[in-house]
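# after the sequence you'll find the predicted model.
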Amino acid sequence: MNRISTYMMFQRSLTAMLNQQGSVSETQLQLSTGKRVLAPSDDPASAARILGLNGAIGTVEQYQSNAERAKSRLESEESILNGAVNALQRAHELAVQGNNDSLTADDTGYIAKEVRQLLDQVFSLANTRDGNGEYIFAGFQSKTRPFTRDGGVFAYQGDLGQRRLQVSPDRQVADGDNGFRVFMNVATEPTASGTTLAATAFDAIAAGDIVIDGGNGNGPVSLGALPAAANAAERADQLLQAINAVTGQTGIRAVRESGSDNLTLTSVGSSGIDVTLAGSATLANTGLQDIAAVDDPRDIFATLDQLATALESNRPVDRYIADLQHALENLVSVQTGIGARINTIDQQGEINEDLKLSLQKHRSEEQDLDFAEAIARFERQMTALQAAQQSYVRIKGLSLFNYL
């Protein structure tokens, strides 16, 4: 027979009360946090799954943060390009307006002043920063001012990089476009432009002996007869009038600088100017020769600057009208790409939100508390604790000393 001491009875009663208080405290903490698993020891398997789900949710939230950052920057770029497009459209209107032989030098000079204002506006837009102080069109060199200007020479100081942000496990989206792509490497209209030689012989030229082809698809066109000229200046004037008389057919425009015996021939949208001399027409008495067409890319700023310079000189600006159209098409193409990326981000954002909701649901199933069951359990535990406390009071009075 084991001897049950008073100390043992007290110790067991106290242990029972403390155990019940621990259970009540744990249930109370579950009710206050709303979580079933408070420590890995509560349910090791669920705790491992909850940890994995938390990591997956955190990753999706980072994707969403990247998507929002990329969308904000793309919307800023889109707004800037809208401003640039509006400026170029106005410049295009001014170029058409200024390409009029009836305008005086003062008239085209006024138009040139507005074109220069538009140039300053586009140049400023190209050097815009985002809300974080980073240059939008500098590529990876986001802290470097992308465009500089030295007179009529414009340079790009950024790089060709395009920053990309991860918006899903297998999808990245570029958050901008480098300035070289947007403003610098812009296609131009194929244009044949060159200067004739000054004539050294001035004898008469028969009709049909000078044939020119402006490379515009209309084919060769014969010039009329030219009478004998007194000097190189008179021969230049004869050729000027003869070439411009058939401009509608050839697309070739001739311009003579004041005080010069040379002509500048220009054919826009051309494959080149071909000159055929026969009979009485020679290089010596015409100065005419073949001119190759070029379509080298040019930056938008230089196009606007050269347009303004031509207007200030009251010269034809056919070539710049076509070049501005190419510049507009380039900006619109970039805008289209921006719109496509914004749509991609919106679609991926919806997918990410659905995935996040699904992961949160699974996490809730693993860690969230069943309040009905927990409240019922809390009531049972409180009853058990009260019983333990009452029994302790009764047992505490069982002592032989009370009966001696």
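That came through fine.

# surely Phe154 is in a helix?
No. Phe154 is assigned strand when assessed by DSSP: H, G, I helix; E, B strand; the rest coil, not a helix.

# excluding its backbone neighbours, what's nearest it?
In space, Phe154 comes closest to Phe301 once its chain neighbours are excluded; the distance is 4.2 Å by Cβ to Cβ, 6 or more residues apart in numbering. All C-beta atoms are positioned from the backbone trio N, CA, C, and that covers glycine.

# ok, residues contacting the helix or strand harbouring the one you found?
Phe301 is located in helix 300-312, with elements delineated by DSSP states H and E. With Cβ atoms under 8 Å, 6 or more residues apart in numbering as the test, helix 300-312 has contacts from 84, 88, 91, 95, 98, 108-109, 111-113, 115-116, 118-119, 122-123, 126, 147, 149, 152-154, 183-184, 186, 188, 316-317, 320, 323-324, 327, 330.

# which is the next helix or strand following that helix?
Heading C-terminal from helix 300-312 (DSSP H and E), you reach helix 318-367.

# that next one versus helix 300-312: what angle between them?
Angle, helix 318-367 to helix 300-312, by axes from the mean of the first three to the mean of the last three Cα atoms, to 10 degrees: 150 degrees.

# what distance separates helix 318-367 from the centre of its chain?
On the basis of Cα atoms, centre = their mean, to the nearest Å, helix 318-367 is displaced by 10 Å from the centre of the chain it belongs to.

# now for the helix or strand following it, which elements pack on it?
Remark: after helix 318-367, the chain's next helix or strand is helix 371-396, criterion DSSP H and E. Here helix 371-396 touches helix 6-33, going by 3 or more Cβ pairs under 8 Å, 6 or more residues apart in numbering; DSSP states H and E.

# and the pLDDT for the spatially most central residue of the chain?
Compute the mean C-alpha point of the chain, and by Cα atoms, centre = their mean the closest residue is Gly176, 3.4 Å away. With respect to pLDDT, Gly176 scores 90.

# quick check: buried residues in stretch 325-344?
Under the neighbour-count criterion of 16 or more other Cβ atoms under 10 Å, stretch 325-344 has His326, Ala327, Leu328, Asn330, Leu331, Val334, Gln335, Ile338, Arg341, Ile342, Thr344 buried.

# now the two most distant members of the residues you listed.
His326 and Thr344 (27.3 Å; Cβ to Cβ).

# those helices in the stretch 1-150 of the chain, which residues are they?
In the stretch 1-150 of the chain, the helices defined using DSSP state H, counting those that start in this stretch lie at 6-33, 44-98, 105-126.

# can you put these in CSV and add mean pLDDT?
Formatted as CSV, those follow (pLDDT from 0 to 100):
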stretch, mean pLDDT
helix 6-33, 72
helix 44-98, 92
helix 105-126, 95
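
# for Gly219, find the nearest of those.
Using Cβ to Cβ, the helices of the stretch 1-150 of the chain put helix 44-98 closest to Gly219, at 27.1 Å.

# mind checking how far Ile321 is from Ser193?
14 Å (Cβ to Cβ, to the nearest Å).

# want to throw the helices of the stretch 1-150 of the chain into TSV with mean neighbour count?
Listed next are the helices of the stretch 1-150 of the chain as TSV, based on neighbours: other Cβ atoms under 10 Å:
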stretch	mean neighbour count
helix 6-33	14
helix 44-98	17
helix 105-126	18
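
# adding distance to Asp170, write these out as TSV.
What follows is the helices of the stretch 1-150 of the chain, written out as TSV (distance: least, Cβ to Cβ, whole Å):
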stretch	distance to Asp170
helix 6-33	36
helix 44-98	11
helix 105-126	33
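
# burial of Gly161, as a residue count?
Per other Cβ atoms under 10 Å, the neighbour tally for Gly161 reads 14.

# let's verify the residue nearest to Arg164 when sequence neighbours are not counted: helix, strand, or coil?
Nearest residue to Arg164, sequence neighbours excluded (Cβ to Cβ, 6+ apart): Gln172, at 4.3 Å. Applying three-state DSSP to Gln172 yields a three-state assignment of strand.

# neighbours around Gln172, how many?
13.

# that one reaches Gln166, doesn't it?
Yes. Taking contacts as Cβ atoms under 8 Å, Gln172 lies within contact range of Gln166: 5.4 Å.

# so who does the residue nearest to Arg164 touch?
Arg164, Leu165, Gln166.

# make a ChimeraX selection of the buried ones in those.
Here is the ChimeraX command that selects only those of those that count as buried (16+ other Cβ under 10 Å):
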select :165
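
# hang on, the earlier thing: which one of the buried residues of stretch 325-344 is nearest Ala56?
Thr344 (22.1 Å).

# where does that closest one land on pLDDT?
Thr344 is given a pLDDT of 94.

# so who does the closest residue to it other than its chain neighbours touch?
Leaving aside its sequence neighbours, Thr344 sits nearest to Val173 (Cβ to Cβ, 6+ apart; 5.9 Å). Residues near Val173 by Cβ under 8 Å, 6+ apart: Ala67, Ala70, Arg164, Leu165, Val167, Arg341, Thr344, Ile345, Gln348.
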